[in-house]
Structures are given as structure tokens and as C-alpha cells.
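[1] Let's see this in three dimensions:
(2 chains)
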There are 2 protein chains.
Amino acid sequence: MARNKAKKERRPRAAPPKGFRDWFGEDVLRRTEMLEKIREVYHLHGFEPLETPAVETVEALGKFLPDVDRPNEGVFAWQEEDGDWLALRYDLTAPLARVYAQFRNELPTPYRRYAMGPVWRNEKPGPGRFRQFWQCDADTVGAPSVAADAEIAAMLAEALEAVGIARGDYLIRINNRKVLNGVLEAAGLLDPDDPDAHAEARGIVLRAIDKLDRLGGEGVRALLGEGRRDESGDFTRGAGLSDEQADLVMAFTAARRRSGGETLARLGELVGRSGTGREGVAELETIATLLEGQGYGSDRILIDPSVVRGLGYYTGPVYEAELTFEITDEKGRPRQFGSVAGGGRYDDLVRRFTGQRVPATGASVGVDRLLAALGAVSGERPAATGPVVVTVMDRDRIGDYMKMVDELRRAGIRAEMYLGNPRNFGNQMKYADRRGAPIAVIQGSDEKARGVVQLKDLVLGAKIAEKASLEEWKARPAQREVLRADLVPEVRRMLAEGAGDGEG
Amino acid sequence: MARNKAKKERRPRAAPPKGFRDWFGEDVLRRTEMLEKIREVYHLHGFEPLETPAVETVEALGKFLPDVDRPNEGVFAWQEEDGDWLALRYDLTAPLARVYAQFRNELPTPYRRYAMGPVWRNEKPGPGRFRQFWQCDADTVGAPSVAADAEIAAMLAEALEAVGIARGDYLIRINNRKVLNGVLEAAGLLDPDDPDAHAEARGIVLRAIDKLDRLGGEGVRALLGEGRRDESGDFTRGAGLSDEQADLVMAFTAARRRSGGETLARLGELVGRSGTGREGVAELETIATLLEGQGYGSDRILIDPSVVRGLGYYTGPVYEAELTFEITDEKGRPRQFGSVAGGGRYDDLVRRFTGQRVPATGASVGVDRLLAALGAVSGERPAATGPVVVTVMDRDRIGDYMKMVDELRRAGIRAEMYLGNPRNFGNQMKYADRRGAPIAVIQGSDEKARGVVQLKDLVLGAKIAEKASLEEWKARPAQREVLRADLVPEVRRMLAEGAGDGEG
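    As a prediction, the model looks like this:
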């Protein structure tokens, strides 16, 4: 009896964890292609690749995610048996700071690196919002000059164009945290002699401005004051600014004028006598001059004080790449595509490790968002070409069929033999159809005896594939009988003539 | 007083967690190149890419790692707030089984996919042994025919040659778990009517044979019997086989003969009347015939009963790709490089989810080991070419220097301006040297006035770079003065002439 113990084990659920997804076939290839084009741009600009592990110690990562009041602080973390807390990286910048601190004596200074890979956020998943997503970063560490910032902003423009975003369909917007800090000084919310005072209110101000696109001026204004109740009835506490203070901050976000020069002049007024603010305006001026000198007009890169970026660690220029064309959202309403990349200067990240300030600046491309944007721009891509499928008519002759496959592959033609159960020929054709096979190769005993094979153009026949009998298949006009010895040249000819494009 | 609270925060340690490492520059590029070549082979053979998330539920991953008695069972796992246990994937096969079970109605059958990415094992790290490493897999799910196994074995050979392993430097060895099971039946260690009996002893036998390369025949024999004490004094409990039983198992591992046919005949003797064993021998025969028909001789692929693979989930043919050339180990002793890829048939993995048996077979390439092997074969690679570095002689003219960089980049020449502190010219040259820059561009106020730039071949000058003054640099013969207007064509000419190869 013990022998047949009725162990009724529960079956595991065939699903990824909540908020995670799989990427199939064409989607993986499209991302690989896109990243390859970005890689070329980064390489041309002198950056070197770096790959850090997915796992870091919690202390090395630090706490820099926006909304850090969230439970678990937004990261996937666990404790090892030896007591160490480990976590999945939430971006590619924190690991870079760790690497530079660790290897600063061996690395060149400035250290210019790019990195591509997934990052993880332990956030509430939502539609189109996943807990693992790809980033693609480039950073220059150890460069105090804002020429480094200008370069990254320009490189973002080049990267977007390289992947297929047309000029006019994107805009790189640049601002400077120092200017914002100057405005906060002018508003009495930042005291250079006591930088910790009002820190919480400033954090709320920062995150509020970052939501300008989504909430509009009124929503941001509410968050600067007492707070804001959203449509669902949830209340978000505000920064508690006086009307005067809030006016000044709102004036800052609306300081963009028709030309960069006018915007800079307006910012100069708003920062008043703040030294930090003036420094920030001067930096923006330098960046604008450099970019103009390289031919980046305001149709591509412009100064826009409404950009602040949500992350707490930026200390100087910040930039954001936005796609300006409209798409239709899930409810059929037109809306702007929005941000696909961003970054800025973070002069303090390495100091956490070494105690020494290291100037650094860089940007991150949201790979999955940019891919989605490309899909929206380019529309449906032509279906990828699947392999030529050699069907199995006689299961004792799989050696013959594999030889055909082998010959095709050696000629560089993507090919495979049908490896499922060959009994039902319709299933073989259905398979070839599912795979987007351009051609099916058929050799039954009759063809074998006559030394020929049938080559079937599958695109023409796809629609009746599921029901057709072998005889119907053979009768279709898009089928050719060729000598077995001519298999490779005939397949090649059909592919060149456009089998798979419906023109074969 | 509260204002200047003396918060003495402990600085985080600038290091990755134990057993994790970073990959820099050239190493990342080499891996990317190698994977691109393997990807082409997989694509040619008709496989499609799949990318699953790094994180799966613990129940979906299952427990298939060898030596599952280890604490934490070899995976990095943690519990979410909602109670779910999540873990980092330890291979790419378990996620594939989950994907196929989840999407089996939408995917073509057979489903042929490749996957490339890191996997994580929570093992004790050691020299050259890391807790995150790359795998590169190809699998056919839903294919009962051993033609699918033969194809994977042949594809491994093609992949190895594609990345640069010469014919003769590798061997694909094939065996069949069914043959081993037949031998275990013959030895009275497996009862088809009571498959659970002796399961533990069989597990020990499997892992013992898998260590044949490392422990030799004597060590394996000890593990089949009472157990084995290693050099450190640690004792590993054995399977407790009788001498007769152990003899049979050892005879199995030593059944390889000069030709495939002779090996098969010997295996036929050893499995006796076991039905499973005979089936296994017949499958190996079919595989051998198919591969021979495609021209894979025993110099590339052969049947070798000493291959069993450590993982518990294999149910049929197993294969292993081994590099046969000798390398010198860290102690200067010659040794064979060993296994770089392996796989086999696992017909039960999907059943865990669906209750239905789905035949599947596939292989995994150990990317990091193969990369190391390529390094050993090809020796030192020529140093990669860094960017042309435009130096900063006059910090008020960075606009001019960035324009030079911009012109070079637009001509497709990798270039950058020195972005560190420009005060010390020696540092700029040291930087260019560190980066492997082929050329430095120099324009001080004198050159500016005359409308020229200096182009310095840095490979010739590298050795004195650290000490040279600007004057010494300019005096070097490998320096040319060219018109500013000719910057791009002159740099291009120098690169074509071999600047960076020491011949410029």
C-alpha cells in the first residue's frame, strides 16, 4: 500500500510573479536591434561598456528612489544567512557609483561608461507598468565641466535619431537644480547655512513639479500648499508653502520663454541674489552656447524650467528627452507620448563611499518605453521570416529530411525539419504557418522515387492552411516541383523572388 | 546645536556582494560578440528568442539543482509581503517549462526557443566561481523524436565552431539516461513497478558518475559503495551498492569503445533484458545514424556512456560539449579545459504544471567558461581602439574643441574631448593613454592663431606619456601639424595608416 501512496501534490501555477512578464521572438529582436544602435552612438562618443551584477548590497545601493516612504522602499531585498542584506539593483547609476568608488585608482578619470540591462522595482504593478524593465545608461564620472552635461544631452538626441525617432518628434529639455535651489532660497525654503532645514518641504516641492505633465498647474499648486485630493478621493499632503512662496515656485516652472536667452533672463530674475541660483543660470548659459555651437537648435534641445526629475540625488543640470508626437491612448484619446529618457548631474553619489566629492553626470534611456514609442511611430513591422520547414512525409526517412535541412543551413538559409508528431500533415502546415515559414519542402515516397521535391510558397497558401489536404496543397499554383539536387538553388531563388512577401 | 548634529554615518563598503563581480569594457564586448555569433547559429536553425524575467515564484522554479540538500537549496529567495516566495532563476530551463505551460495554446508546437542571460546560484563562491553567470540555451519543446536531440547536439558543434573553437579542439559526447536506467534495472537498483524505491541511492550514483572527470574511477567507485573521504578529510556518504552492483555501474561508465557501433553493442550487453535500457540503446543508434548522415564524424560527436549530467530532471539523451585542448592551470599543471555546454531531454518538466507529459530537449552553453576558453585559445587580443581625444589647452575655448569632436563623430570617428580638469596637460595625455586613444588632437593659442592643429600618434608616445612636458610632446616625430580645416581627413588618414597599431 505504501508503494502507491496517493500523494496529491498541488501543481505550481504557470505564471510569472505579479508585475513580471515574458518577451517573445520579435519583441526581443526589436529590443536587441534598438540597443545595438544606441550602443553604436555611445561607442562613437567614447563610452565603454560596464556590466555590474543584478545583486548589490542594500547599503551600497542606498535609498534614492522617489517616494521612499513606500513599504519595502521600492526594492526587492532579502537577508543572507551571514546577515548581509542584498537587493536587486533599482537603477544603473547606484551600481556605477559603487564601481567607481571601488576601482577609482585603476579606472581612467574621467570614467565614461555605458550600461544596458534590466533593473527591478518593488512597486505596485499596473497596466503597462512592470517590476522588471530595461535601462540603457551613459555617464561621465569625474568631469566637473558642464561640457559633460551638454555632451550627454546632445548624445540623447543622437541616440533617438539613430533608433528612428525623426527630428521634430523629440525634444531634449534641460534645467538645473541649482536654479531651482536658487528659487527656493529666494522663497525662504533653503538656507545655505542650514541646508537640512525645510528638507521635507523641498522634497514635496520637487516631486510635485515632477508631476506637472500629469497633474497640470492646478494640481501642482495644490501640492505646494495644503495638499491635493485626487479623483479616487485619496489625499496627498502638500508642502505647506505660503501663497507667496508657491507663486515663486510656480513662476519658476513657467519661466520658459520663446528663446533660450529670454528664459535665462527670466530665471536670473527669479533666483534674485542667490549665489547658487546665479551659478545655475550661468551653467545653463554655457550649456546653451555649447549646444548652439554644435548646431543643436531649440527644435531639438532647449532650456525648460519645468523639468526637475524626481530623483533626490541630482545636484546640477538635469535633462529629459520627450517624444512630442501624439499617440492614441487606450481610451482612444490623443495624448503626447512623453518622456523616454532623462538624467542629470549627481556630484554626491560617490562621496557616500569615499567621503570625497566626485562630479558625475549621465542619462538613462527607458528602453521599454522607447520601444513602445518606436512601435507607435513605425506601425506594424513586416512579419519576420520564419525558417523554411522541411515536412516529414515518411517517418522512416527523417535522415533524408535532416540532410535537406542541413544543406539549406550550410547555404545560410534558415531551416528546420518538423519535429512534432508527423502523422497529421495539416498540423505540419499549421506549424509552418504559425512560424511564418516562407516555404515548406515536401517529399513523399512518390517524389522520392522521381528524385524531386515540392516547394510550397506558404504565404499565398496561409489562409487555407488549416483545412487543406495534402492533395489540395499540391494543387495550389504557388507550388513548384524541382529536382532534389536543385533544392538549395531553387529555395534561394524563391526567397529572392519574394516568397514570404506574398509575391512569390 | 541641533543644527549641526554630528551624524557620523558609517560609509557603505564599495564592493559587490561576495561571489559577484563586475565586467568591464573589452570583456563585455567580447561576450556580446560571442553571443551574437551563437545567436546567428540558433537563428539559422529555426529557434526564436525568448526572454523571461530574472524573478520567478519558488514553486514555478521547482527544486532541480543537484545537491539539493544544501541550505537554502542553492537559490536566492525571499518572501513578499503578500506571502509569495520569489526567487532568482537558477537556470533558463525551469522558466521555459513555466512559459510553455502558460502559453501552450498560443505557441507553435514544437516550440523552439533560445534564451541568453544571467542566472543566479546561491552557492559558496570560490576562485573563478561566481554566483551570477551567463547561460545561453536552445530548446525544442513538444518534440518526441530523438531527431530533436541529434539536432541540438549538432548545433552545439556548429555554435562552438562559429565562436572560434577549431574542429578537433572540441567533442560533443552523447549518452542516454534510459541506458543508465537499464543498467540500474539490471543491477536491481530500479524496479519499473516501483520507481520510487532506491531513488536516493540512484541519485548518489548519478552524481558520482557526473564527477568521474574530477575524482577518477577510484573515487567514483568509493562513492558507489560506502563513501569517500576527500583530501580535506571530509567524508561523503556513498550509495551503498554491493560489489556486483558497483561493478555493473562502473562497466557502464567504461563502455566506450573505438567505434560508435561497438559502444552500442557493449551497452546492449550491459542493459540485459531491461526494456527501458534497450529503448535507450535504440535511441542512441538513431541519433548516431542521423549525425553520421549529416557528416558529423566521431572526431566531433560520439557516444560516451561516462556522460550522465548532474541534474535530476533528464529522462533520455544527454549531451555534453567538452573542449579537448590542454590549458595550464593556476599551479602551472597542464589540464583539459573540460565542459563548456551540455543538456539533454527532460520530458517531465512541463508536466509539473499541466499534468501532461511534454517531450522536450535542449542544451545550455556556459557563456563565461566558453569565453575563458576562447581567451585561452586566441591568446591576447589586440588592445581595442579608444577614442580620438581632443585635449583642452584653453578652457575658454571648449566650444571650439567640442566642435572638433563633433566633426570627427559625424565622420564616424570615435572621439571625445577631455572632460577632466584640464590644468595639467600630463593628466590629459595619461588619460588618452589609459583609454587606448590612437590620436590626441592639440590646439593651443599659437595653433589657433595659425589655423592649425597638432595630431599626435599616441601609441608611439605612450611610454613617455606620463612624464613628458607639452614641449617634449610636440617635438616627437609622430606628431603632425595640419590645417584645422583638414582635421577630419587627416585624422582619417592617420587611422588608416595604422595610428594605434604603432605603425603610424
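
[2] where does the nearest residue to A:V205 once chain neighbours are set aside fall, phi/psi-wise?
    The shortest distance from A:V205 to any non-neighbouring residue, by C-beta to C-beta, 6 or more residues apart in numbering or on different chains, is to A:A239 (5.1 Å). Just so you know, the C-beta spots here come from the backbone N, C-alpha and C atoms, and that holds for glycine as well. Note on A:A239: backbone dihedrals following degrees, to the nearest 10 are phi -80, psi -10.

[3] Sketch out the low-pLDDT regions of chain A for me.
    Along chain A, the model assigns pLDDT under 70 to residues A:1-9, A:64-73, A:379-384, A:460-477, A:498-504.

[4] So it: which segments form each domain?
    Segmentation of chain A into domains, based on automatic domain parsing, reads A:25-378, A:388-497.

[5] nearest to B:A150, of those?
    Of all these, it is domain A:388-497 that lies closest to B:A150, at 7.5 Å by C-beta to C-beta.

[6] Helices of the stretch 351-500 of chain A, residue ranges please.
    Along the stretch 351-500 of chain A, the segments classed as helices by DSSP state H, counting those that start in this stretch run A:351-354, A:367-378, A:398-410, A:425-434, A:445-450, A:458-461, A:470-475, A:487-497.

[7] Tabulate these (a markdown table), appending mean neighbour count and distance to chain B.
    Formatted as a markdown table, the helices of the stretch 351-500 of chain A follow (neighbours: other C-beta atoms under 10 Å in any protein chain shown; distance: least, C-beta to the nearest C-beta, whole Å):
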| stretch | mean neighbour count | distance to chain B |
| --- | --- | --- |
| helix A:351-354 | 18 | 4 |
| helix A:367-378 | 18 | 12 |
| helix A:398-410 | 20 | 5 |
| helix A:425-434 | 20 | 4 |
| helix A:445-450 | 12 | 15 |
| helix A:458-461 | 21 | 13 |
| helix A:470-475 | 14 | 19 |
| helix A:487-497 | 17 | 14 |
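
[8] The domains of chain A: which one's closest to B:R30?
    Among these, the nearest to B:R30 by C-beta to C-beta is domain A:25-378 (10.2 Å).

[9] now the end-to-end length of that closest one.
    18 Å (C-alpha to C-alpha, to the nearest Å).

[10] so what's A:A222 closest to, chain neighbours aside?
    With sequence-adjacent residues excluded and distances taken as C-beta to C-beta, 6+ apart, A:A222 is closest to A:R228, at 3.9 Å.

[11] so the closest residue to A:Y431 other than its chain neighbours is in which element?
    Using C-beta to C-beta, 6+ apart and skipping the chain neighbours, the partner closest in space to A:Y431 is B:P108 (5.4 Å). Assigned by DSSP states H and E, B:P108 belongs to neither a helix nor a strand.

[12] check contacts around the residue minimising distance to the centre of chain A.
    By C-alpha atoms, centre = their mean, chain A has its centre lying nearest to A:V367, at 1.0 Å. Residues near A:V367 by C-beta atoms under 8 Å, 6 or more residues apart in numbering or on different chains: A:31, A:34-35, A:116, A:133-136.

[13] Would you write a ChimeraX line that selects the buried entries of these?
    Entered in ChimeraX, the line below selects the buried ones among the contacts of A:V367, by 16 or more other C-beta atoms under 10 Å in any protein chain shown:
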select /A:31,34,35,116,134,135,136
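
[14] Of the contacts of A:V367, just say which sits nearest to chain B.
    A:R31 (8.3 Å; C-beta to the nearest C-beta).

[15] what's the angle from the host helix or strand of the closest one to helix B:398-410?
    According to DSSP H and E, A:R31 maps onto helix A:25-44. Helix A:25-44 runs at 130 degrees relative to helix B:398-410, counting by axes from the mean of the first three to the mean of the last three C-alpha atoms, to 10 degrees.

[16] buried residues in helix A:25-44?
    The neighbour-count check on helix A:25-44 (16+ other C-beta under 10 Å) flags A:25, A:27-31, A:34-35, A:38-39, A:41-42, A:44 as buried.

[17] Chain B next: which of the residues you listed are close?
    Restricting these to those within reach of chain B (C-beta under 8 Å from any C-beta of the partner chain) leaves A:25, A:28-29, A:44.
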